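**Student:** next input, structure requested:
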Amino acid sequence: MIHDCNKTKMRADTCLPKRILCVQESIPCVLLQYMGIDSLKQDPATANANWDNVLQRLNSHPHEARTISGLSYPLNLALCNRVNPVPAVVVHTLIECYPVAFMEEDIGNACRNKHTRGETMRVLILRSSDLFSGKKEIFKRWDLDWIACNNNREAAKEILVHYNAANFYSLQDWKEIRPSNHTFWFSILMELGSPAVSKENIHEERILQFFILQGNYTNVKLILDTYPDLIETKICTEDKRNQLPLHTALSSENPNEYRSWHNRSQIVRLLLEYGIRKNVGGDDACGGLWTTDSHNDALGYAIESAINYPWVDSEREKSLHVCLQFAQASLYDRSCHSVDLTLPILHAAIGIVCADVFSSIIEKYGESILTEVDRNGSTALFQLIAVAGERPMKGYAATRNILKLRTKEFDRTINRAYGYLLDPILVVSEKIWNREKELFRIQPCLSCFDLVGKSRASTSIRLLD
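**Tutor:** Numbering: from 1, shown residues only. Have a look, this model is predicted:
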């Protein structure tokens with residue numbers, strides 16, 4: 001039986017991929033040799049290409065753009081070169097000589113190559129709009145992640161300018177990008193002045209609140225530097241109304257992250273500083289700290305989030321700490337630049353929170369915080385006695401007058417201040433009294449004020465000479 005070799009070969013060829021049917025050459029042509037591809041074993045990423053010779057060869061022998069090396073055309077190989085990135089004019093010429101070689105995978109290869117030039121990316125985008133007009137998406141989200149991971153700002157700008165679908169208009173667009181790449185794309189959009197990062201779109205899509213929950217300090221600061229008025233804009237959620245960005249930072253979690261309050265304390269401090277500058281909530285609102293939404297004020301949210309959380313979360317503790325430090329500074333009408341950020345949490349809570357919250361802070365974070373000292377070397381007990389005795393510290397106004405000006409829903413008055421501040425710390429004061437007794441001489445005596453129906457007793461304090 002005699003076989004027809006030609007017919008057998010034809011039947012076998014019909015099973016080959018379409019691109020392999022074009023040209024099947026085992027020996028590299030001159031064009032590939034100019035590209036540094038001497039054999040099938042040559043890695044195109046490290047090929048030593050001479051692009052001037054490649055361009056001249058394409059002008060004289062355009063058919064060589066159809067040559068297959070392995071499973072790739074010269075265009076595909078050229079876009080992989082990392083040692084000597086292919087110029088845009090060579091890419092354009094390769095596509096012109098053989099458009100079939102341009103495939104969607106080339107877009108991904110260009111994005112993964114951190115050496116891809118901006119003008120090269122522009123050529124690919126413009127030609128892809130002609131060749132892939134029926135496609136819904138040319139750039140996949142992971143392609144954009146590769147651009148950001150490579151920090152290829154030149155290519156990123158060309159994508160945002162010439163491919164509008166890549167702009168992040170909706171909140172869902174941002175959710176599809178890796179959080180670690182948010183700053184890269186947002187900064188470029190701001191630099192280009194894209195409508196996606198306009199003041200109106202940021203407010204409507206709640207992008208500021210999104211970055212707050214993501215813990216993206218850089219983007220939050222960039223938004224507030226560009227649009228300061230957004231610090232006092234309010235939003236409504238499913239269960240709360242009239243929430244400032246500060247309310248969001250102190251009451252909401254990021255459900256998509258293991259650390260739901262990642263980097264939150266830095267952002268809380270930033271929001272308070274900007275809020276004080278913009279006088280959010282009025283003169284006595286401490287940058288929105290005393291401002292109430294439909295449920296609570298911002299400080300109330302900070303207390304609830306820190307004290308009622310079942311585990312110890314350093315970011316929640318730091319956020320409450322920062323809020324108390326700013327609240328303490330507001331009692332003395334100090335600016336946001338004069339806040340003592342070294343003030344321990346118990347020192348900062350004096351005159352701000354009620355006795356129950358004061359006790360809860362000690363119980364939550366341990367009695368060791370009672371031994372913490374301020375910059376003067378004093379514990380909270382030392383400061384408490386000075387406050388309760390109305391002794392001015394560093395020339396500050398008397399506590400009685402301060403608290404009268406700051407009476408709020410916590411009923412912050414001087415008579416209540418003894419019950420709010422003295423009771424919980426006296427429970428554990430014996431633990432540190434040995435340190436303080438050398439500074440004070442205590443003499444019990446009767447007094448006429450009533451501690452909310454409790455025993456009529458007080459302590460008069462006299463400093464040692």
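**Student:** tell me where the model's unsure across the stretch 1-150 of the chain.
**Tutor:** 1-27, 131-136 (pLDDT under 70).
**Student:** touching stretch 32-41 from outside, list them.
**Tutor:** 26, 28, 42, 44, 47-50, 53-54, 57, 64, 67, 69-70, 74, 77-78, 81, 84 (Cβ atoms under 8 Å, 6 or more residues apart in numbering). Heads up, the C-betas are built off the backbone N, CA and C, glycines and all.
**Student:** buried subset of the residues you listed, written for PyMOL?
**Tutor:** In PyMOL, selecting the buried portion of the contacts of stretch 32-41, with burial taken from 16 or more other Cβ atoms under 10 Å, looks like this:
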select buried, resi 28+42+44+47+49+54+57+64+67+69+74+77+78+81+84
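**Student:** narrow the contacts of stretch 32-41 to those in strands?
**Tutor:** Per DSSP state E, strands hold no members of the contacts of stretch 32-41.
**Student:** how about the top helix by length along the chain: buried residues?
**Tutor:** Assignment by DSSP state H gives helix 314-331 as the longest helix of the chain. For helix 314-331, the neighbour count (16+ other Cβ under 10 Å) marks 315-331 as buried.
**Student:** what's the first helix or strand after that helix?
**Tutor:** Next in sequence after helix 314-331, counting helices and strands by DSSP states H and E, comes helix 345-349.
**Student:** give me the contacts around stretch 80-99.
**Tutor:** If you take Cβ under 8 Å, 6+ apart as the criterion, stretch 80-99 is touched by 35-36, 44-49, 51, 54-55, 58-59, 62-63, 65-66, 73-75, 78-79, 101-102, 109, 113-117, 119-120, 122-124, 127, 131.
**Student:** what's the span of it, first residue to last?
**Tutor:** 18 Å (Cα to Cα, to the nearest Å).
**Student:** off-centre distance for that stretch?
**Tutor:** 37 Å (Cα atoms, centre = their mean, to the nearest Å).
**Student:** equivalent analysis for stretch 353-366, please.
**Tutor:** In terms of Cα atoms, centre = their mean, the centre of stretch 353-366 is set 31 Å apart from its chain centre.
**Student:** just the C-alpha atoms of it, please, in CSV.
**Tutor:** Extracted in CSV, the C-alpha atoms of stretch 353-366 (Å, rounded to 0.1, in the frame of the first residue of the first chain):
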residue,chain,number,x,y,z
VAL,A,353,-14.7,61.7,79.9
CYS,A,354,-16.9,60.6,82.7
ALA,A,355,-15.9,58.3,85.6
ASP,A,356,-17.3,55.1,83.9
VAL,A,357,-15.3,55.7,80.8
PHE,A,358,-12.2,56.6,82.8
SER,A,359,-12.5,53.3,84.7
SER,A,360,-13.1,51.4,81.5
ILE,A,361,-9.9,52.8,79.9
ILE,A,362,-7.9,51.6,82.9
GLU,A,363,-9.6,48.2,82.8
LYS,A,364,-9.1,47.9,79.1
TYR,A,365,-5.5,48.8,78.8
GLY,A,366,-4.2,47.7,82.2
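**Student:** okay, buried residues for that stretch please.
**Tutor:** Val353, Cys354, Ala355, Val357, Phe358, Ser359, Ser360, Ile361, Ile362, Lys364, Tyr365.
**Student:** same question for that stretch, mean pLDDT?
**Tutor:** The average of the pLDDT scores along stretch 353-366 is 84.
**Student:** one step back: of the contacts of stretch 80-99, select the buried ones using a ChimeraX command.
**Tutor:** With 16+ other Cβ under 10 Å as the criterion, this ChimeraX line picks the buried residues out of the contacts of stretch 80-99:
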select :35,36,44,47,49,51,54,55,58,65,66,73,74,75,78,79,101,102,109,113,115,116,117,119,120,122,123,124,127
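**Student:** strands along this protein, start to end?
**Tutor:** 440-445, 458-463.
**Student:** mean pLDDT lowest where, among these?
**Tutor:** Of all those, strand 458-463 carries the lowest average pLDDT, namely a mean of 32.
**Student:** I'd say Thr120 and Ile107 touch.
**Tutor:** No: look at Thr120 against Ile107 with Cβ atoms under 8 Å: they stay out of range, at 11.4 Å.
**Student:** pull up the gap between Asp340 and Ala329, please.
**Tutor:** 7 Å (Cβ to Cβ, to the nearest Å).
**Student:** off-centre distance for the longest helix of the chain?
**Tutor:** Chain-centre distance of helix 314-331: 20 Å, with Cα atoms, centre = their mean.
**Student:** tell me the helices and strands packed up against that helix.
**Tutor:** Contacts defined by 3 or more Cβ pairs under 8 Å, 6 or more residues apart in numbering; DSSP states H and E place helix 314-331 against helix 245-251, helix 264-277, helix 298-307, helix 345-349.
**Student:** tell me the centre residue of the chain?
**Tutor:** The centroid of the chain falls nearest to Asn216 when counting by Cα atoms, centre = their mean (0.9 Å).
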